[in-house]
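> coordinates only, sequence not included:
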């Protein structure tokens, strides 16, 4: 018994040592170039989410292309959006949210060469940005933030509530809500931000 008590205090000492007031800086996971490319993937993920949501609702692929592609776009942009719509319609999924998170992770690998475990943190920030987008919808419709809290109860986490609070307090429009949450989440993990 005495051995286990000594072992407990030794482990406790080892666990607590170094915590005496020292500030631990978060590990820098991304370069500025990574951040820029991941931000591009975030934007594409929003598009993928919108397309996936419309697909789930039964919208036809041609109608979505007509809705999204405008005359002001360059030929290359029109081609890329058309490919994105085709890709979303080719894939099978039940949840637009899950699909867009998966899309982000795949884009992070292809475009930014960011894979696990680093992509997990970026994905967390992406989902916070998605939460901000939904929270802004609640705010824009004049709904109390308690309704937004309830919508995100399924996450069993305080993170959505913190994001919702930030959106209700600071966001002036949908884009600023998304960007503020994304950049705020990523900032501590980007070198020389």
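Now that the structure is in, tell me what you want to look at. Not measured: the values here are computed from a predicted model.
> Tell me how far the residue nearest to residue 126 when sequence neighbours are not counted lies from residue 123.
Spatially, and ignoring its direct neighbours in sequence, residue 126 is nearest to residue 104 (4.9 Å; CB to CB, 6 or more residues apart in numbering). Heads up, the C-betas are built off the backbone N, CA and C, glycines and all. If you measure residue 104 against residue 123 using CB to CB, to the nearest Å, the figure is 6 Å.
> More neighbours: which of the two?
residue 104 (26 against 19; other CB atoms under 10 Å).
> And that one, how far from residue 64?
As defined by CB to CB, residue 104 lies at a distance of 20 Å from residue 64.
> any idea which residue sits dead centre in this protein?
What sits nearest the mean C-alpha location of the chain, by CA atoms, centre = their mean, is residue 126, with 0.9 Å.
> Which strands or helices does the host helix or strand of that residue pack on?
Assessed by DSSP states H and E, residue 126 sits inside helix 118-140. Counting contacts by 3 or more CB pairs under 8 Å, 6 or more residues apart in numbering; DSSP states H and E, helix 118-140 packs against helix 32-56, helix 96-112, helix 145-151, helix 159-170, helix 174-186.
> and the angle from it to helix 174-186?
Between helix 118-140 and helix 174-186, the angle comes out at 150 degrees (axes from the mean of the first three to the mean of the last three CA atoms, to 10 degrees).
> can you list contacts of helix 118-140?
Helix 118-140 is contacted from outside by 29-30, 38, 41-42, 45-46, 49, 97, 100-101, 104-105, 108-109, 114, 145, 147-148, 151-152, 159-160, 163-164, 166-168, 171, 173-174, 177-182, 185-186, 189, using CB atoms under 8 Å, 6 or more residues apart in numbering.
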